[in-house]
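*Asks:* Sequence first, predicted model second:
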Amino acid sequence: MVFSVVPEQVYSAQAAQIVAAAKAFLSGIAAFDPGDVPPSDCVVVFEAASRVENAAGALRLVAGARAVECGAHKEQGHADPASWLARQSGTTGKDARQGLDLARKLVGHPETRDALFEGSVSVAQAKEIARAETELPGQERELLDVARRGDLGSVREAVREKNLASTPVDELHRRQLAARRFRHWRDSLGMVCFDGALPPETGIPFVTRIEREAARRHRDAKRGGKSARFHAHAADALVALATAEGAGKRGPNTDLVIVCDLYAWRRGHVHAGEPCQVIGGGPVPVEVAKELAADAFLKVVLHDGKDVQKIHHHGRRYTAELLTALDIGPAPAFIGRACVNCRRTWGLQRDHEDPVANNGPTSYGNVRDLCYHCHTEKTERDRARGFLGPRAKARGPSQSEGGPSRSTARIVQTRGSPAESG
């Protein structure tokens, strides 16, 4: 690696110190063999390397931006600063341009810049925070706390929630419709790849149907002794949905669950604190909810503004009432389903915290959502503790139980009173 284009004796004291430290660091890690140290030492090294990587990423950003500002890329024969930075860092031109943009934004966000140089947040997290701070000023400190305690996904989730909460619902829906897209291309293997975005009232039913079909295929494959990633079955489910196999056969209809405040429904628009949203997809105008309700199977869940009634019964079967309560998520946010451990929303499965084999009830307080990986780990822990009984030794976690299959949409109207469903 070439550290600079000028002789060492021309370095400033600050630059010389950094270059010397970088050389010493590279020399030190070249001989590191994780097999020669205890696992506890690897944990320490991993944490230290993560902080160094974050801080080094910040250093690269600001130093590269300053070098470009002074025309260093032209001295190296590059008209495009992004191509020079990409070559130096081994990234792409797109990554380099995004790095330059972040470096410029960090000038106005000193707390994020300091956190980066401390190594307590990553460049990717800082990028999300800087973008959010530009759109919604005043969120920086709170988002930095989220970044320090969580991963990139938690920051993105927090930013999304703030955007949804701060944007008027009619404007949000207009922007969602304007942003819908679908594009496709071929990769190096000749695979057909695609990218797209749909508004919640069409996107949620689309992905829910794919998930249900993928879960069915995944379950059948396991029973047949075959192995495949869940994502592979999801790809097959997408093809089945888009071709004659899916279009010519009536499968289970997909539920689109909408939570709407009863007064907002009657009024035609929401006031502060009144939900009208697609579960798993965010707020929608009351007008859109009413259009979707034209052919919907109506369900009503009344709640006390704090919690849904603890519906439960003995046995493994899920009642329609319980499934509705679980699908909409806890009151009063009603944000829908997500893995309670990693917050993943794809490939979720129902889990009894206290297993049925251990006489755990199928109740609102005992059933939760886990992704496949978290569910598998939890099942093994339950098995090791003897909670699953002798007949469960060779049995893995069950697939998520589906909800009622007759309706294409469900409108859940809420208003503060003890919870019940009907």
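*Replies:* Done, it's in.

*Asks:* Neighbours of Gly196, how many?
*Replies:* Using other Cβ atoms under 10 Å, Gly196 is surrounded by 11 other residues. Glycine gets a C-beta too; all of them are placed from N, C-alpha and C.

*Asks:* Retrieve the pLDDT associated with it.
*Replies:* Per-residue confidence (pLDDT) for Gly196: 95.

*Asks:* Tell me who's in contact with it.
*Replies:* Contact analysis of Gly196 by Cβ atoms under 8 Å, 6 or more residues apart in numbering lists Arg180, Arg181, Phe182, Arg183.

*Asks:* So, low pLDDT: which residues of the chain?
*Replies:* 1-11, 244-255, 295-316, 389-422 (pLDDT under 70).

*Asks:* What ranges does the stretch 51-200 of the chain have for its strands?
*Replies:* 181-186, 192-197 (DSSP state E, counting those that start in this stretch).

*Asks:* and of these, who's closest to Ala58?
*Replies:* strand 192-197 (29.2 Å; Cβ to Cβ).

*Asks:* Next secondary structure after that closest one?
*Replies:* The helix or strand immediately downstream of strand 192-197 is helix 200-223, counting by DSSP states H and E.

*Asks:* How far does that following helix sit from its chain's centre?
*Replies:* Here helix 200-223 is found 18 Å from its chain centre; the criterion is Cα atoms, centre = their mean, to the nearest Å.

*Asks:* Report all helices and strands that the next helix-or-strand element following that helix contacts.
*Replies:* Next along the chain after helix 200-223, taking DSSP H and E as the criterion, comes helix 230-242. When contacts are defined as 3 or more Cβ pairs under 8 Å, 6 or more residues apart in numbering; DSSP states H and E, helix 230-242 sits against helix 200-223, helix 244-247.

*Asks:* Give me whichever of those helices is most buried.
*Replies:* When these are scored by mean count of other Cβ atoms under 10 Å, the highest mean neighbour count falls to helix 200-223 (a mean of 18).

*Asks:* For that one, name the packing helices and strands.
*Replies:* helix 230-242, strand 276-278.

*Asks:* out of these, nearest to Thr376?
*Replies:* The nearest among the helices and strands packed on helix 200-223, by Cβ to Cβ, is helix 230-242 at 11.3 Å.

*Asks:* ok and that closest one relative to strand 192-197, angle-wise?
*Replies:* Helix 230-242 and strand 192-197 meet at an angle of 80 degrees, taking axes from the mean of the first three to the mean of the last three Cα atoms, to 10 degrees as the criterion.

*Asks:* Work out the gap between helix 230-242 and the centre of the chain.
*Replies:* 20 Å.

*Asks:* Using TSV, lay out the strands of the stretch 51-200 of the chain together with distance to Ala16.
*Replies:* Shown next, in TSV, are these (distance: least, Cβ to Cβ, whole Å):
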stretch	distance to Ala16
strand 181-186	46
strand 192-197	45
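
*Asks:* who wins for proximity to Pro137 among the ones you listed?
*Replies:* The nearest among the strands of the stretch 51-200 of the chain, by Cβ to Cβ, is strand 192-197 at 25.9 Å.

*Asks:* how big is the angle separating that closest one from helix 200-223?
*Replies:* Taking the same axes, to 10 degrees, strand 192-197 and helix 200-223 form an angle of 140 degrees between their directions.

*Asks:* what lines up beside strand 192-197 in the sheet?
*Replies:* strand 181-186 (antiparallel) (DSSP bridges).

*Asks:* What lies in contact with the strand it pairs with?
*Replies:* Here strand 181-186 makes contact (Cβ under 8 Å, 6+ apart) with Val192, Cys193, Phe194, Asp195, Gly196, Ala197.

*Asks:* which residues touch the fourth one?
*Replies:* Spelled out, that is Asp195. When contacts are counted by Cβ under 8 Å, 6+ apart, Asp195 touches Arg181, Phe182, Arg183, His184.

*Asks:* likewise the last one?
*Replies:* Taking Cβ under 8 Å, 6+ apart as the criterion, Ala197 is in contact with Ala179, Arg180, Arg181, Gly203.

*Asks:* From Lys105, how far off is it?
*Replies:* 24 Å (Cβ to Cβ, to the nearest Å).

*Asks:* Glu353 is in contact with Asn366, correct?
*Replies:* Yes - the pair Asn366 / Glu353 is scored as a contact, 5.3 Å apart, by Cβ atoms under 8 Å.

*Asks:* quick one: common contacting residues for these two?
*Replies:* Taking Cβ under 8 Å, 6+ apart as the criterion, Asn366 and Glu353 both touch Gly360.

*Asks:* just to revisit the earlier point, kindly state which of the helices and strands packed on helix 230-242 is positioned closest to Gly119.
*Replies:* helix 200-223 (36.3 Å).

*Asks:* what sits up against stretch 136-145?
*Replies:* By Cβ under 8 Å, 6+ apart, the surrounding residues in contact with stretch 136-145 are 109, 111-112, 115, 121, 128-129, 132-133, 155, 158-159, 162-163, 166.

*Asks:* Please check these and keep the buried ones.
*Replies:* Buried members of these, scored by 16 or more other Cβ atoms under 10 Å, are 109, 112, 115, 121, 128-129, 132-133, 155, 158-159, 162-163.

*Asks:* Against which helices or strands is the helix or strand harbouring Glu47 packed?
*Replies:* Taking DSSP H and E as the criterion, Glu47 maps to helix 39-69. For helix 39-69, the elements it packs on are helix 13-30, helix 81-89, helix 93-106, helix 110-118, helix 123-135, judged by 3+ Cβ pairs under 8 Å, 6+ apart.
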